[in-house]
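*Asks:* No letters, just coordinates:
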């Protein structure tokens, strides 16, 4: 099976460079074309991850851009991805303090989104294990590695997600001198890596399995897995692991007595390490070269590579960085222990407080129970009385508002009813004259004249009947408005209702103020028909909105004077299963600072004594009770539009 994969990787290696470049170009293009959203976050992180094994500076830049954009979008998973890539770049650099800092920040984020992203949490836990393995804290590393495995298994995710955890465990067990466990975990990591979606890391599994075989003297097997790992590294452009595998081959050839091959691969590795700043692998490569040249008694080359080795060693394991790393670990552990200690102290304080409180509660309960028994009935009586008074007050306020609007209507009703009554009186007087004339002509026997007079009388009677019904309708409207609502819905013409109250409101104002004048416009949708509503309630709403509109234009007229044409329009429209009744004026509009208060009870912008502050509040409640909405659109200086939306229920 290994030979099959080796052949496959060798055949694909020739095209991998072009494929990788296309991949990078496509990511750059997606970033340039994307909006500031999660798609761009993911593309930035893919670039950061890609450069994490060969161009650390670029990887760090893109990782930080990923974090910054994710913070702006409040995208926790994106932030976690960014810190993962940041860890990778710093870790490959050998900058363990920075790598630890990134991982500790990421751990808090990953734990927050652990439920929806368990694989991500397992990976961050793995990073903690990796850091501890690299610094030599093997027991802590094993703990974190096994914890990552437990998280994946508990979430029932495929183990291919964490094949590299088994690979790292193999390295730990190898370090502890447990070759059987090391080989077992290395083989399991390799087997899981072949179908894994993390193909960029498959080279690690091959390399580690080769390293285990190399340590146990299985040099041919080690060479086979090293060669496979080299091809895998080239295929995915993983320069970091390529340098590691060149070191592995250099070590293998040094052990098996092939110094020239060892020097060749060590120099290949060192070139990559110096170009990409792989401090740790530069240390390995220069160490191998120093040993080989020293064994060949070539002092110039030995000294040359010894200097490189010492520089790399200082970079990776310098005393200052070790102390910095240990301090970061210690500080974090101290913070964790302090938190645990404070939590324990808090729990103890709570327990003590609970005991004292419990005793106090027991003493109070008896008193409270006794007091409740004696006062329960009194409290119940007071509540019932207060509720009754509140309901009565509410009813009185509502009725007062109704009667106030009725008073405003009275003059308008008188004016409106006068017209039909004048017609009734006039036609009645004419009929009296015609009946006398009819009697005279009948006595004369003038039949044709009798018929003509009779037709005139019939025509006049129809007019009397028509205008009598008109007066009756006006009186009924007034009575409907004044009486308490029966809460009984009736089939009502919205258009007729709006038109009726529009004219009555106008004539009512004209009766009180002869100087008042306004242009009245109507636009009624005749397709609406009748709606099932409580007519006196909806009528009150329409009347209140029209009166407010007339008040608004009158105030503006007084301020501006000539040159301003006051206009109030009432319109109806059927729209998406609803009926809209719009009352619009071109007055001063409603100030923004009070716009949120206009539907509150008792709030009014009118001078004291000119408004109760209940009109819009009651109107809002009435419309809501009909399953509709009452909205307002306004602009200071340009007027207001109140829109009643009622569901169409026939």
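*Replies:* Received, thanks. Everything quoted here is computed from the prediction, not taken from an experiment.
*Asks:* Please, where are all the helices along the stretch 351-500 of the chain?
*Replies:* Ranges of helices within the stretch 351-500 of the chain are 447-482, 494-512, based on DSSP state H, counting those that start in this stretch.
*Asks:* Between the ones you listed, which one is closest to residue 218.
*Replies:* helix 494-512 (93.3 Å; CB to CB). In short, each C-beta sits where N, CA and C put it, glycine included.
*Asks:* what's the average pLDDT for the helix or strand that residue 79 is a member of?
*Replies:* Counting by DSSP states H and E, the element that carries residue 79 is helix 76-93. What helix 76-93 shows for mean pLDDT is 90.
*Asks:* circling back to that earlier point, the helices of the stretch 351-500 of the chain: lowest mean pLDDT?
*Replies:* Going by mean pLDDT, the lowest-scoring of the helices of the stretch 351-500 of the chain is helix 447-482, which has a mean of 71.
*Asks:* before we move on, back to that, could you dump the helices of the stretch 351-500 of the chain into JSON lines and include mean neighbour count?
*Replies:* Converted to JSON lines, these look like this (neighbours: other CB atoms under 10 Å):
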{"stretch": "helix 447-482", "mean neighbour count": "15"}
{"stretch": "helix 494-512", "mean neighbour count": "21"}
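*Asks:* Looking at the ones you listed, spot the one closest to residue 238.
*Replies:* Per CB to CB, nearest to residue 238 of the helices of the stretch 351-500 of the chain: helix 494-512, 74.7 Å.
*Asks:* about what we covered before: of the helices of the stretch 351-500 of the chain, which is nearest residue 106?
*Replies:* Nearest of the helices of the stretch 351-500 of the chain (CB to CB): helix 494-512, 62.8 Å.
*Asks:* next helix or strand past that closest one?
*Replies:* Following helix 494-512 in sequence order, the next helix or strand is strand 519-523 (DSSP H and E).
*Asks:* State the paired neighbours of that next one in the sheet, together with their directions.
*Replies:* Under the criterion DSSP bridges, strand 519-523 sits next to strand 567-575 (parallel) in its sheet.
*Asks:* and the angle from the strand it pairs with to helix 494-512?
*Replies:* In terms of direction (axes from the mean of the first three to the mean of the last three CA atoms, to 10 degrees), strand 567-575 departs from helix 494-512 by 170 degrees.
*Asks:* So which residue is smack in the middle of the protein?
*Replies:* residue 74 (9.5 Å; CA atoms, centre = their mean).
*Asks:* quick one: low-confidence parts of the stretch 51-200 of the chain?
*Replies:* By pLDDT under 70, the weakly predicted segments of the stretch 51-200 of the chain are 196-200.
*Asks:* which stretches of it form helices?
*Replies:* Under DSSP H, counting those that start in this stretch, the stretch 51-200 of the chain gives helices at 56-73, 76-93, 96-112, 118-135, 138-154, 163-175, 179-193.
*Asks:* that older thread, could you give the separation of the helix holding residue 79 from the chain centroid?
*Replies:* On the basis of CA atoms, centre = their mean, to the nearest Å, helix 76-93 is displaced by 25 Å from the centre of the chain it belongs to.
*Asks:* Give the other helices and strands that it contacts.
*Replies:* helix 38-51, helix 56-73, helix 96-112, helix 118-135 (3 or more CB pairs under 8 Å, 6 or more residues apart in numbering; DSSP states H and E).
*Asks:* Show me where the stretch 501-650 of the chain dips below the pLDDT cut-off.
*Replies:* Checking the stretch 501-650 of the chain against pLDDT under 70 turns up 602-603, 605, 607-614, 650.
*Asks:* before we move on, the earlier item: kindly provide the distance from the residue nearest to the centre of the chain to residue 106.
*Replies:* 17 Å (CB to CB, to the nearest Å).
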